[in-house]
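# missing the sequence, but the structure's below:
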């Protein structure tokens, strides 16, 4: 794991989704969907965009931008996969994870190229992604300056979020965008963000998120996600689900142990090992959690500071216990 940088309260971390049929959304998820549709359509009762403010952007629109963008230089920066020879090659072929199927390799390379793409103030889509993340987490109807202490309050290391994206590039923001704009996962994102503001269990939400993306990218490069990508015939959707599933596991472990900043490095190290070994279990736990949330009474957990491990469905709780 990378070294932990300094922050206000001590040393902290640096750092489409189709799938199985979704259960009926719970009331909280329905409210999230209505809220998102309202801000997209400009319904009455919502504050108008201030002059010059960056408009909100959906994950799908942002992804289309990257699919059509010129990323040649970013593709050149993708590290070459290590070549296995001799006995190592034979053992990997016999016992290692399967290779990603040829039709999916272009999508994998796109994800890796986005992970090498730096945040660029001159690209309006980049700024809109950043502003949407801010507004969805804070519930603010207005945008915010590109630089400033408000980003540290959101969970970045300092006044410029771009400095925390080394190793994940815009993929770190794109996965965050998916997390906070998908109505099924937005309630979870806001619960984790609320926990990150806790008096004793606080942590930098966005920096931790970037670390989770880094773990997912490594798992992709090591072919640990190939089996699931081949099964679903998708790459980016699998990456997003593994990202949310990994964040859910970290959230459960953090609450179960009543984690504090000194625990972060060990918890992330455990998470990386688990993600590489058992990505399918992360996905099953996420599906179980979202199904359990759908069955829960509306507002049953809204007054809690965070969800403890005992509040998770059984399968999701198993997935967040230490190895």
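Received it, and whenever you're ready, just let me know what you need. On a predicted model such as this, the values are computed, not experimentally measured, just so you know. Numbers count the residues shown, from 1 in each chain.
# Helices along the stretch 151-300 of the chain, start to end?
For the stretch 151-300 of the chain, the helices defined by DSSP state H, counting those that start in this stretch cover 169-181, 186-196, 205-221, 226-232, 236-256, 264-277, 279-295.
# nope, the stretch 1-150 of the chain is what I was after
Along the stretch 1-150 of the chain, counting by DSSP H, counting those that start in this stretch, helices occupy 27-41, 59-68, 72-76, 86-95, 105-114, 124-138, 150-154.
# buried ones in the third one?
Looking back up the chat, that one is helix 72-76. Buried positions in helix 72-76, judged by neighbour count with 16 or more other CB atoms under 10 Å: residue 74. All C-beta atoms are positioned from the backbone trio N, CA, C, and that covers glycine.
# Report the mean confidence score over that helix.
For helix 72-76, mean pLDDT rounds to 88.
# now do the fourth one
Across helix 86-95, the average pLDDT comes to 52.
# From residue 68, how far out is residue 212?
27 Å (CB to CB, to the nearest Å).
# higher neighbour count, those two?
More neighbours surround residue 212 than the other of residue 212 and residue 68, with 27 against 8 (other CB atoms under 10 Å).
# picking up where we left off before, between the helices of the stretch 151-300 of the chain, which one is nearest to residue 117?
helix 169-181 (4.5 Å; CB to CB).
# Show me what that closest one is packed up against.
Helix 169-181 sits against helix 59-68, helix 105-114, helix 124-138, helix 186-196, helix 205-221, helix 236-256, with contacts defined as 3 or more CB pairs under 8 Å, 6 or more residues apart in numbering; DSSP states H and E.
# tell me the angle that helix makes with helix 205-221.
Angle of helix 169-181 versus helix 205-221, following axes from the mean of the first three to the mean of the last three CA atoms, to 10 degrees, is 110 degrees.
# Tell me which residues of helix 169-181 come out buried.
By neighbour count on 16+ other CB under 10 Å, the buried set for helix 169-181 is 169-181.
# Switch those residues over to a markdown table; also include pLDDT and distance to residue 57.
Listed next are the buried residues of helix 169-181 as a markdown table, based on pLDDT from 0 to 100; distance: CB to CB, whole Å:
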| residue | pLDDT | distance to residue 57 |
| --- | --- | --- |
| 169 | 96 | 17 |
| 170 | 97 | 12 |
| 171 | 98 | 15 |
| 172 | 97 | 16 |
| 173 | 98 | 11 |
| 174 | 98 | 10 |
| 175 | 98 | 14 |
| 176 | 98 | 12 |
| 177 | 98 | 7 |
| 178 | 98 | 11 |
| 179 | 97 | 14 |
| 180 | 97 | 11 |
| 181 | 96 | 8 |
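# per-residue confidence at the closest residue in space to residue 179 that isn't next to it in sequence?
Spatial nearest neighbour of residue 179, chain neighbours left out: residue 189 (4.7 Å); criterion: CB to CB, 6 or more residues apart in numbering. pLDDT recorded at residue 189 is 96.
# Burial check on residue 189, number of neighbours?
When neighbours are counted by other CB under 10 Å, residue 189 registers 23.
# Quick check: it touching residue 137?
Yes - Residue 189 is within contact range of residue 137, at 7.1 Å (criterion: CB atoms under 8 Å).
# Quick check: neighbours shared by these two?
residue 180 (CB atoms under 8 Å, 6 or more residues apart in numbering).
# So, low pLDDT: which residues of the stretch 51-200 of the chain?
Where the stretch 51-200 of the chain drops to pLDDT under 70, the residues are 51-54, 80-96.
# Now with 80, please.
51-54, 79-97 (pLDDT under 80).
# Could you export the buried residues of helix 169-181 as JSON lines, including distance to residue 230?
As requested, the buried residues of helix 169-181 are exported to JSON lines (distance: CB to CB, whole Å):
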{"residue": "169", "distance to residue 230": "25"}
{"residue": "170", "distance to residue 230": "26"}
{"residue": "171", "distance to residue 230": "21"}
{"residue": "172", "distance to residue 230": "25"}
{"residue": "173", "distance to residue 230": "27"}
{"residue": "174", "distance to residue 230": "22"}
{"residue": "175", "distance to residue 230": "21"}
{"residue": "176", "distance to residue 230": "26"}
{"residue": "177", "distance to residue 230": "26"}
{"residue": "178", "distance to residue 230": "21"}
{"residue": "179", "distance to residue 230": "24"}
{"residue": "180", "distance to residue 230": "29"}
{"residue": "181", "distance to residue 230": "27"}
